[in-house]
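Enquirer: predicted model, plus sequence, below.
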Amino acid sequence: EALSSKQRWYLERYLELSEELRCAYQLKESFHSWFKKAKEIGLTQMNEVKKGLNVFYDQVTESGINEFIQVIQTFKNWQIEILNSFAFGYTNGFIEGLNNQTKVIKRNAFGFKRYDRLRLRILLHHQYKSTGYQLG
């Protein structure tokens, strides 16, 4: 959407080199359009969201690109959860953020010889995070 004219030129150049790449790009754009619309109407028009997802599945199947076909199989396995994320507006993003911060602390915890001190460091970080207090 926000490509400069030079970036758009390069995009078109590379898409002309491979029909499979062009098809993959079109599938990506199709998914992006569905996702954007699903975020807008998901709370009120869940049947439309589901129909749009099924249209995307059909487009992928018609493309014959194995990597995309594997992805839609994963989508189908998690379809209820995916659709619920649009219907209820809940995500696990906050928890994933906490997990990521915990992993960073763990990676940087070379000096901790005792597990209980690492655990306390993690607990303190998450407790004081919202206050802006930085542990030294």
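Expert: Received it, and whenever you're ready, just let me know what you need.

Enquirer: any weak-confidence spans in this structure?
Expert: Within the chain, the stretches with pLDDT under 70 are 128-136.

Enquirer: centroid residue for it?
Expert: Gly93 (9.7 Å; C-alpha atoms, centre = their mean).

Enquirer: got the contact list for Tyr90?
Expert: Asn84 (C-beta atoms under 8 Å, 6 or more residues apart in numbering). Just so you know, the C-beta spots here come from the backbone N, C-alpha and C atoms, and that holds for glycine as well.

Enquirer: how about the helices in this structure?
Expert: 5-17, 19-41, 46-63, 66-77, 79-88, 93-107, 115-128 (DSSP state H).

Enquirer: which other helices and strands does the fifth one contact?
Expert: To tie it back to what came earlier, the one meant is helix 79-88. helix 46-63 (3 or more C-beta pairs under 8 Å, 6 or more residues apart in numbering; DSSP states H and E).

Enquirer: how big is the angle separating the helix it packs on from helix 19-41?
Expert: 180 degrees (axes from the mean of the first three to the mean of the last three C-alpha atoms, to 10 degrees).

Enquirer: list the helices and strands helix 46-63 packs on?
Expert: Counting by 3+ C-beta pairs under 8 Å, 6+ apart, helix 46-63 packs on helix 19-41, helix 66-77, helix 79-88.

Enquirer: buried stuff in that helix?
Expert: 49-50, 52-53, 56-57, 59-60, 63 (16 or more other C-beta atoms under 10 Å).

Enquirer: what's the closest of the residues you listed to Gly42?
Expert: Val49 (5.3 Å; C-beta to C-beta).

Enquirer: how about that closest one, nearest residue that isn't a chain neighbour?
Expert: The shortest distance from Val49 to any non-neighbouring residue, by C-beta to C-beta, 6 or more residues apart in numbering, is to Ala38 (4.5 Å).
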